[in-house]
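Undergrad: okay, predicted coordinates and the sequence, questions at the end:
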Amino acid sequence: QAVRPLVVAEDVVPQTFDPTQSSQIRTWYAWQLVYEGLVRADAGGAIVPVLATKWTVDAAQTTYDFTLRDGVKFADGTPLAADDVVFSFQRLAEKGLPYAKDRFKSIESVTKVDDKHVRFKLKQPDAGFLLNLGSPFVVGSAILSQKWAQTHDPKREMMGTGPFKFVSYSPNTQLVLKRNEFHWNKDGAAKVADLVIRYMPEQSAQIAALKSGQIDLMFPSAESRLQLKGDQSVGTVQVNSTNTVRLNVNTGRKPFDNPDVRRAISLAIDRAAVAQGAFLGEAVPSAQVPPSYAWAPKMNTMKYHRHDVAQAKALLAKAGYPNGFEVNLNHLAGYATYLDRFAELLKTQLAQVGIKVNIQANQNAVWLDKQNRADYELMDNEYAYQADPLFYLMPRPGRQGPTPPEMAALITRAQGGTAEEYLAQLAKVAQMQDDLVYPDITIAARNAWVSYGAKVQSVAPDATLSRTFLAGVTFK
Amino acid sequence: MPPDAAPPLLEVQGAVKHFRIRAEGGRPGGLLRAVDGVSLRLDAGETLGVVGESGCGKSTLARLIVGLLPPDAGTVSLRGGDIWAPGTAGRERRRQSQMVFQNPAGSMNPRRTVGASVAEPLVARGVRSARADAEVERMLPLVGLNPKMASRMPHEMSGGQQQRASIARALIARPALVVHDEAVASLDISLQAQILNLLVELQETLGTSYVFISHDLAAVQAISHRVIVMYLGEIVETAPARTFAEQPLHPYAVALRNSTLMPDPALERSRSRIVLRGDVPSPMNPPSGCRFRTRCPQAMARCAEEAPRLADAGGGHLVACHLAPVAVVPRREPEAVPC
Amino acid sequence: MTNPDGAAVALPQEPAAGEPPRSGFLADLLRHKGGAFALGVVVLFVLLAIAGRAVAPYDPNTGDLASMLAAPSAQHWFGTDELGRDTLSRVIDGSRIAIVVAFLSVALAMLAGVAIGVVAGYFGGWIDSVLNRSQDVLFAFPTLLLAIIIVAVLGPGLFNAVLAIAIVYTPRFARLARASALTVKTSEYLDAARLAGVGTGAILLRHMLPNVLPSVIVLAALSMSTAQLAYASLSFLGLGVSPPQADWGSMLSKARDFITVAPWLVIWPVTALVLLMLAFNVLGDAIRDVLDPRHATATGPANAV
Amino acid sequence: MLRLLLSRAGAMLAVLFAVSALVFALGSLIPGDLTSVIVGQEGATKEQFEQVRRDLGLDRPLPVQYVRWLGNAVRGDLGTSPITGRKISADLAHQIPVSLELAVLCLLLSTALGLPAGIVAAVHANRRLDVVIRAQLLVAFSVPTFVIGILLLLVGSRFAPDLFQVAFTPWSQDPAAHLRSMAMPLATITLPIAAMTMQMTRSAMLEVLSDPFIVTARAMGVRLPRIQYLHALRNALPPIVTFIGFQFGVMLGGLIVVEQIFSLPGLGRAMLEAISTRDYPMVTATTLVFAVAFVLINAVIDMLYPVLDPRQRPR
Amino acid sequence: MNPGPVLAVEGLTTRFRTRRGTVTAVDGVSFSVGRGETLGLVGESGSGKSVTAMSILRLVASPGRIEGGSVMLNGTDLLQLDEEQMRERRSTQAALVFQNPMTALNPVFTVGWQLGETLRAHGRGDASSPAVLQALRDVGMPDPERQAASFPHQMSGGMRQRVVIAMGMLNEPQLLIADEPTTALDVTIQAQVLDLMKQLTHDHGTALLLITHNMGVIARMCDRVAVMYAGEIVEEAPVDELFGNARHPYTAGLLQSIPRVDQPRGKLPTLPGAPPDMSALPGGCRFRDRCPRAQERCLSHPPLAEVGPRHSARCWLAQDAAEFETMEMSDAA
Ligand SMILES: Nc1ncnc2c1ncn2[C@@H]1O[C@H](COP(=O)(O)OP(=O)(O)OP(=O)(O)O)[C@@H](O)[C@H]1O
Ligand SMILES: Nc1ncnc2c1ncn2[C@@H]1O[C@H](COP(=O)(O)OP(=O)(O)OP(=O)(O)O)[C@@H](O)[C@H]1O
Ligand SMILES: [Mg+2]
Ligand SMILES: [Mg+2]
C-alpha cells in the first residue's frame, strides 16, 4: 500500500497563516502544526522547554534570559538563531494584531545576548508571561525564520520549527503538510509522513467521509457524536475541554451596573439544564475558571453561579425590578448549534424571573462589532483555552462598565506576584468575580471529541483542544 | 370652399405614412410607402367607400384617420381641428372616431367577455356599468347577435360573430365617425345586408359618418355616397357612388369591376374575365410614373415618365390616369340578376 | 304531435330558466381537480397558521428536557426535538411563518414587479430603459447575496427578511411582466381600447394585467416555494426570525444534525413544506388553467393535442 | 450590427458599474465591520482600532475608496484580501472554474431533464403522466437544497461509496475522479432547477398548444410528437429560455449551499466566507463575477431571442 | 375507382360543453360530395360551417366533441379510425384550408418549410421539393423563391391566405375543404385562386367542399349547394336550382340580400331578427322566429325532406308544396 496521508477534517478555514494576525482560534489550529514557541505550557500550567532549553528570571521578575536549544533547524534546514527570536517579537510589536500584541503587553524589549541566548525585559512583573509564551496555539509567540520571512509572505505560507512542514494550501479546500524532517525532537516529530487538513464546513459530510474511509479523523460536534456513537469502526476520544460558554454583561448600561441584577440573572440560570439541553448532556456547569483546573474555586462554594429562582426574584425586587425587565441578547448566530440552543434556553429560564430576553441573532461580524462598540446588553460568548488563566478573568473595560477598583487591584497584585502564587491569586479573583458577577456570567464548560477511523491509532488530544496531538497520530 | 362654410367632419390633406424597413437577410431595406399623399374629405352623415388591392394602404389610411397612427406628413382634421393638436383638444378629437378592425379575432381582448369589450367605449366615458350592460343588450340584437352572447369569450364565437361584436362596439357610443375596415368580410350575406342597413339607419338618425373599406365592390356601393379607389398608397379614382357604379374610369377600377363574381351560376359559367397580368409591385419600390402601369392593359410610354394627377372627369369624378378623359372603357351591360 | 327529428329530442336541455350553470373564478377553481385539492391544502395551512397555538398540543417553544429527542409516541405524535419540544406543535407554529413568507414576499414582489414590468413595457422609451436597467442591476446580484445584504442593512427579523426576499424577487416578475406586456402592447385589441377612449390606467388594469397575469402566476407559485427556501437559508444564517420561534426552514437546518438519530425531526417539517409547496404550485397551475379563456371546465384537459 | 454589439456592451458595462457601486455602498451600510473581524473580540483600544482602519485604507471617505478600487479594477487588479492577504484574482482563478462548471453542467442537466419533462407534462396536461411528473419534480423542488444534499450524502456514502467523493479533484488531475466528485453536488442543485424549468416549460407549452397553427399542423397530417416537440416547442422556447436565464441567479444561490455541503472550493463558498468576515474586496469581486456571468448569460439569451423568434428580428 | 361519393357525412353532431352550457354547433348534418364535384356550404355566420369542416377532419378541440354520426371518406368511417390512421389521411386524402390565415401559420418557421412539412409528414418530400415552389406559383404568389424563405409575419393577409391554400392543395387530396378561402383577397387574385381550385377538381378528381359567404363564388364554383342554419342543413340543391328556386325561407331571404355591384346605394332587403342561441335552441323549426311564413306546425321540428329532384329542404311549407306538386304530377301521369 502506498504511503497515504493522514486526512483530517476541520470545519473552518484558517483566515491567515501569519501567527500574529488572527484572534480566531480556528485559525490557530493551522499555525500550531508548523510553528513552535520557546516554551510550552501544558494543560496543567507547567512550563515545558521547547525551543529554549533553559530560562532564568531575575529577582525583580522583569528580566528573562532564554537559552536556545542546540541543533534546532527550521523546516527548510536553516538553523534557529537568536536573531530569529528577536525578529519574531519585533515583528509582533510592529505588525501584530492588537489581540496578539496584548498577550505580550508587558514586554519592553527583546534582545540577542549571543547566538544562543535571548533576553526579554519586561516593563513590570508579569506572572503570566511564561504562560503566554507557552501557549500551545503560538499566538504571537511563534518563532519565524528571519531570512525566510523577508523573502516570503507569512500570511500565505508557513515555515517554522514544528512537527510539520507546509507544502501547499488551496483556499477553502485543503492544507497539505508533510513531516518536518529537521525537527529537533525525534519523539515530537510527526509520525505520519503526510498530513492533509481538509476543510469541510458540513459535519454531515465529515461523518460520511469518515465512515467511508475518505478521511481519518474529525472533530465531531455533540450532534455528530450522537450519530457516530453506534458505529464500531469509528473510535472516539472525549476530552473535558476548557472551553466555557458565557454571558457577557454590559455593566456600562442600566440596570446591569447593579450587581444585584447581575446576580439575579446568574441565579436564574439552571446550568445543569443548559448542560443537558444545549450541550446534549456533554458539558458541566462552570464558573469563570473551568472546573478542569485543579486550582479553580469549586462550584459548590459559588455564591451566585448556581440556580436559585427564589433568590433571583428577591434580588430583582431589591434592585427595583420586581416584575423584571426586557433585555436584548446579542447572540452569535451560525457559530455553533449549542450556542443557539443556549440562547433559546436562556430565554425560557430568564422568563421565569420575569426577564424577557429578545434574541438578536447576529452574524459574527455584527456580533463582534456590537461587542467592540459596547453596543449590547447581554451577549453570549465562548472562551477557548487560555494559556494564561488570567484571560478567563480579565475584565474588558472597553466593552463594559468600569472594573471595580478592588478587583483591578487584586488582578494587578496577581500579575505582579511570583509565578508560584499566581494561580492562588487568580483563584481569589475568581471568587470575587463570582460575588460581583463581573465581568461575565459563566455557564458551562463543554466536552469535545476526536473521532477517527479504524486505520488510525494513538489519538491523544488534551483539554486545550490544541491540534498538536496530530503529530503523534499513527497508522495501524 | 367658401370661407363661411362649416368645415367638413373629416378632412385629410396630403397624408403620408412611410414605414422604415430595415434590411435583413437578402431583403433590401428602405422606405415602405404605405400611404403616400392621400387627401380626402367627408361630411357629416356621409359614407366614403374605399376599395383597392390588398396591401395598398387601406388599413394604414384607416389608422391615420382614427388617430392610431400619426401621419409623417399632412394633416388629419376633424371638424376643422387637427386631431394631433397638442393637449386635450387633439385628444378629445381622437376620441370621436371609432374603428372596426379588419381582424376581428385580434381586436377583442381574449380574456374579457364579449360584453365587456362591447361596453368599453361607454365605460370609458364614465357610464355606469348597469346602464352600459343594458345598452350592450340593446346593441347586440341590432348587429344580429343574441344578447346572451355578451357573456361569451371571443374564442367561443365564430368569425362572423366576432366581427358583429366589434361593429357593436364601434357603434355603441354613437361616435361621429366610424371607420369600417373590412367590417362585413366574414359575414353571411343576409347579415351583411342587415348590418349595412343598420349602418344606413344609424346614419340617417344620428348623422354618423363612415369610411367603409372593403374588397367587395357591391357592398361598398350599397352603402357609400362616394367611393375612392386606392392603388399602392395613392388614390387613383374618386367619384360619387352612383357615377362610379355606372362608369368606373381608372383601368384598375375597371379590372376590379370585371373580376367581381356575380351571384348567377349561368352567367358565371358563361363569362370570361379580363385578368390583370403581372405581379403586384412592391410598395417599397413603386414603379416610376403611373404606379399601375406595370399591370395596366393600356399602358403607354408616357405612363412610365409622368405620374398622372387626379383630374376631374366631370361631376366630381376624379381620376388619375393619362387616358382618363378619352379612355372611356365601354361599360358592360348590367347583368340581369334574379332575385 | 310527435317530434319527427330524434336528434333534437336528444339535445341536452338547459334548465328551464335558461340560467347558465354557476360560474365564476372560485367556482371554476373548485371544479378544477387539482385546484380544489391545492386550495384545500393551502386553506388548511392558513387555518393552522391562524389557529396556531390554540390547536398545538404543547407550547412550541418550551420543552421538557427529560424527553429530548423522543421518537414519535402517543404523547408526541411527531416526536420531540433536542430540547424536548413537541415537533407537531412546532410544525404547526411554523406554518404561520411559512404562510407569511410565501404570501407576503411574493405578493410584494409580484405587485412591484408587475407594476414595473407593465409600465416599462407599455410606455417604452426612456421609462423602459431606466426601469429595465435598474432591474438588471438588482437582477445581476446573486439572490442569496442580495437578500443577505438587504437583511444585513435592515436588520434581522421576519418582516425585513420578507422585504428582502420581495426585493430580490421583484426583477424576475418585472421581466416576465414586461415581456408579456410587450406582446399585448402591439395587439389590436389594445388599439381598440385606446380608440374607445379608455384611459391609460384602465388600459393597464383591464387589458394589460389580465393578459400578463397567467404567466406571472406560475412564476408566483414557484417563487412562493423558493421564497420559503430563501427564507430557510436566511434563517440558517441567523437573519430570519429570532429563535426560538419555529419556522420549518430553521427547524430543518438544525434537524439535519440529527438526521440519523432522530429522523422525525426532518421528516415532518419536510412533509409540511412539500405539501404546502406542492399545493402552491398545483394551485398556480390551476389558476392559470382557469384564467385561460380556452379553459374548459366540464371536460378536463383544455388542450387535448 | 457592430453598433448593436457596442451598445449592448455599453449597457452591460453600465450594469456592472452600477453593481460594483451598489456593493460598495451597501458594504458601508451593512452593520458589522471588517476591522472588528480582524481585531477580534478580545478588545482593543480606540487607537489600535484606528490604526487597523488606517492600515486597511478604511478611514478614507467611501467615494474615494470606490474610485481607487475602480481605478485598480479596470487595470485588472482586484486587490488583496485584508483577511487572508491573498491576491483576490489568484483566488478567483481557482474558484471560478469550479462554480462555472457546476453552473454550466447544472444548466445543461436541468434543461435536459426539465424541458422534456415539461413538454410531456404539458402534452398530458392534467392527466396521469402529468400528475406523476409534476408531483415527483415538485417534491424534489420543495425540499430545501441542504436537506437533499445531506440525504444524498448519507445514501451515497452508504450505497454508492464510489460516487461519493469527499475530495474535490480538479479536472486537470483526474477527469474521472473529478466527475465523480461533481456528481452529487450536481444532482443536488439540478433537481430543483429542473423542476422549475419543467413548470415553466409546461406552462409555455400549454399556451402554444392551443394556438391555431397547431391545428393547422395536425390538419396537414404531421405526426403528433413532431408537432409537440418541433412545431409547438419552437414557439414555446423564447419564454422558456428567458426563464432559464432567470434560473441562473437562483442557481448561483444554490451554489452557495451546495459548495458548503460538499466542500467544494467554489465562488459561492468564497462569497459566503467573504460576507461573514466582511472581506469587502472579496465580496465586491465575487459579486462582480456573478454579475458578469449573469449579464453575459442574459446577453446570450437576448441574442438568442431573434434566432428563436423571427418576429423579434429587427425589421 | 370508388363508385360512391368521396365524402359522405351522415348525422354529424358536434357539441361544445362550456361554462355557459352546451353549444350544439353541428346538429345531425348529412351531405355528400362526389369525385370532381364541388359542394358549396353557405349559411348564417355561426351556423356551424367551420365546425363541420373541423369535425370531418376530426380536429375539433376540447371542449368540443363529436357526439354522433359518421364521416365516410371513400367508404371508410373516419370517426372509427385510430389517431394514426386518421393522421395518414389528413392532407393526402382530406385537406383543409383554414378560415383565418392570420393565425393558421406557425410564426417561427418559414413558409417554405411549412409547406415542405406537409410533404414530409407523408414521406413525399421536403422544403426543397420543387412542388413547394410550384404550389406557391400556382396560387399566384409573386416571387415564390423569395416568399418561400419568408416568415408569415412578413406577409400581408392576402399572401398568407394564398400560402394556406397552397398548403391545402399540396398533397393533391381527394377531398379539399376550403373554409372561406378568399375573404382576404382582392377580387383579381380571388379569381386566380378559384380557377386553380377548379382545375384541381377537374384534373385530379378532387371533391371540393367550399365554405363561403360570397354567392358569386358559389355561383362560379359549385355544382351543388347546402345551406346551414343554426347547426343544421336547411336546404340542399344543385346550384342553378338553388339560385332559381330556393324553397327554404332562409335561403330565399339570403339570396334577396345580395348587394349588386352595379347597384348604387340603397336599402337591402334583409331577414329580420337574430339567429337562436346555439346553447339553448328552441324546439321546432329553428328559423321560426324570423320566418315571415311561420305557422302553428312550425313548433315541431321539420325533417330535411325531398322537395324536388335532388333538392331537399327543412321546411314544412316547402314540403307541403312539394307533395302538392308531386301529386299533381302523378295525377297528370
Ligand atoms: N406597422 C407596419 N410596419 C411596416 N409595414 C407596415 C406596417 N403596417 C402596414 N405595413 C405595410 O404597409 C402596406 C399597407 O398595409 P395596409 O395594412 O394598410 O394594407 P391594406 O390595404 O389594408 O391591405 P389588406 O387589404 O390586405 O388589408 C403593406 O405593404 C404592409 O405590409
Ligand atoms: N370553442 C367553442 N366554444 C363554444 N362555442 C363554440 C366554440 N367554437 C365555436 N363555437 C360555436 O359554434 C357555432 C358554430 O361556429 P362556426 O365557427 O362553425 O360557425 P361558422 O358557420 O363557421 O361561422 P362564420 O361564417 O362566422 O365563420 C357558433 O355558434 C360558435 O359560437
Ligand atoms: Mg387592411
Ligand atoms: Mg367559420
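TA: Cool, the structure landed. Ligands and ions are numbered 1, 2, ... in the order given.
Undergrad: where does pLDDT dip in chain E?
TA: Along chain E, segments meeting pLDDT under 70 span E:1-3, E:20, E:261-265, E:322-333.
Undergrad: and the residue in it that ligand 4 sits nearest to, what element?
TA: Closest to ligand 4 within chain E is residue E:50: 3.1 Å, counting by CB to the ion. (C-beta placed from N, C-alpha, C; glycine too.) Under the criterion of DSSP states H and E, residue E:50 resides in helix E:49-56.
Undergrad: get me the contact residues on chain C for chain B.
TA: Within chain C, the positions near chain B by CB under 8 Å from any CB of the partner chain are C:20, C:187-189, C:191-199, C:202, C:206-207, C:210-211, C:291, C:293-294.
Undergrad: what sits against the spatially most central residue of chain E?
TA: Nearest to the geometric centre of chain E sits residue E:211, at 3.1 Å (CA atoms, centre = their mean). Shown in contact with residue E:211 (CB atoms under 8 Å, 6 or more residues apart in numbering or on different chains): E:40-42, E:49-50, E:53, E:99, E:177-180.
Undergrad: which ones among those residues lie within helices?
TA: E:49-50, E:53 (DSSP state H).
Undergrad: residue B:148 is in contact with residue E:277, isn't it?
TA: Yes - if you go by CB atoms under 8 Å, residue B:148 and residue E:277 touch, sitting 5.0 Å apart.
Undergrad: state the number of residues packed around the residue in the stretch 151-300 of chain C that ligand 1 sits nearest to.
TA: At 8.9 Å from ligand 1, residue C:186 is the closest residue in the stretch 151-300 of chain C, using CB to the nearest ligand atom. Around residue C:186 there are 9 other residues, counting by other CB atoms under 10 Å in any protein chain shown.
Undergrad: intersect the contacts of residue E:211 with the contacts of ligand 2.
TA: On the criterion CB under 6 Å from any ligand atom, E:49-50, E:99 are the entries of the contacts of residue E:211 that sit beside ligand 2.
Undergrad: distance to residue B:107 and neighbour count for these - can I get that in TSV?
TA: TSV is the format used below for these (distance: CB to CB, whole Å; neighbours: other CB atoms under 10 Å in any protein chain shown):
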residue	distance to residue B:107	neighbour count
E:49	22	31
E:50	19	25
E:99	16	25
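Undergrad: give the contact list for the residue in the stretch 101-250 of chain D that chain C sits nearest to.
TA: In the stretch 101-250 of chain D, no residue comes nearer to chain C than residue D:142, which is 3.4 Å away by CB to the nearest CB. Counting by CB under 8 Å, 6+ apart, residue D:142 touches C:225, C:228, C:273-274, C:276-278.
Undergrad: the helix or strand that the helix holding residue E:50 is followed by near chain B anywhere?
TA: Stepping forward along the backbone from helix E:49-56, the first helix or strand reached (DSSP H and E) is strand E:64-73. No - legend: contact between strand E:64-73 and chain B by CB under 8 Å from any CB is lacking; minimum distance shown is 10.3 Å.
Undergrad: buried stuff in stretch A:23-32?
TA: A:23-25, A:27-32 (16 or more other CB atoms under 10 Å in any protein chain shown).
Undergrad: equivalent analysis for stretch A:83-100, please.
TA: Neighbour counts over stretch A:83-100 (16+ other CB under 10 Å) mark A:84-89, A:91-93, A:96-100 as buried.
Undergrad: check the offset of it from the chain's centre.
TA: From the chain centre to the centre of stretch A:83-100 is a distance of 20 Å (CA atoms, centre = their mean, to the nearest Å).
Undergrad: cool, stretch E:301-318 as well?
TA: 20 Å.
Undergrad: does it come close to chain B?
TA: No - Stretch E:301-318 lies out of reach of chain B by CB under 8 Å from any CB, never closer than 14.5 Å.
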